[in-house]
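# Next input, structure requested:
(one chain, ligands or ions: 1)
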Amino acid sequence: MQIEPNSVVTLHYTLKDKDGNIIDQSDDGSFLYLHGAMNIIPGLEKALTGKSVGDEFSVTVPPEEGYGHKDPARVQEVPKEMFQDAGDIAVGLQFHAQSPDGQAIVVTVKEVKDDVVVIDGNHALAGVEMNFSIKVIDVREASEEEISHGHVHGPHGHHH
Ligand code: ZN
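Sure, this is the predicted structure:
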């Protein structure tokens with residue numbers, strides 16, 4: 001069957017940046033998602049629509065169809081005393097925070113100065129051109145429960 005809304009898709013993928021460095025790949029082969037439920041980025045979902053088991057292809061997803069462009073307003077200086085364990089703060093450290101509009105976001109420490117810490121609330125892949133190599137491994141119809149939840153349930157009926 002072809003991939004369409006409410007398909008459960010299993011695929012292999014490798015994600016490279018524009019210089020060919022591997023950013024991410026499916027471990028042990030199975031990345032599983034519910035098609036048409038915005039579980040993956042729009043550019044990838046668009047490229048997968050209509051594909052079938054065994055199809056292999058590459059697709060370049062620009063930031064506007066991926067994680068968007070970097071928003072300079074999401075890079076902020078925060079007073080060091082806001083952190084409980086300021087001594088442990090190091091560049092590259094990530095932690096969970098809340099954006100001003102209440103969304104859960106991951107924040108990355110960009111710079112540690114004397115009195116302030118520079119944090120970046122942009123997605124790590126914001127502004128990045130993503131080059132995917134995809135192989136479609138399996139396509140099946142989603143169950144009614146999966147459709148109503150908007151995500152895939154595991155092979156043993158595990159519910160999270
Ligand atoms: Zn569920």
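# Pairing partners for the longest strand seen in the chain, with directions?
Counting residues, the longest strand found in the chain (DSSP state E) is strand 130-141. Sheet pairing of strand 130-141 (DSSP bridges) gives strand 7-16 (antiparallel), strand 56-61 (antiparallel).
# List the contacts of the helix or strand just after the last one.
Toward the C-terminal end, the helix or strand that comes next after strand 56-61 (DSSP states H and E) is strand 75-79. Contact partners of strand 75-79, identified using C-beta atoms under 8 Å, 6 or more residues apart in numbering, comprise 110, 113, 115-122. For glycine as for every other residue, the C-beta is placed from the backbone atoms N, C-alpha and C.
# re earlier: flag every buried residue along the longest strand of the chain.
Within strand 130-141, the residues that count as buried by 16 or more other C-beta atoms under 10 Å are 130-132, 134-137, 139.
# Dump these to CSV, plus distance to residue 105 and pLDDT.
Listed next are the buried residues of strand 130-141 as CSV, based on distance: C-beta to C-beta, whole Å; pLDDT from 0 to 100:
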residue, distance to residue 105, pLDDT
130, 19, 96
131, 25, 97
132, 24, 97
134, 27, 97
135, 31, 96
136, 31, 96
137, 31, 94
139, 32, 97
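# Spit out the contact partners of residue 61.
41, 43-44, 47, 129-132.
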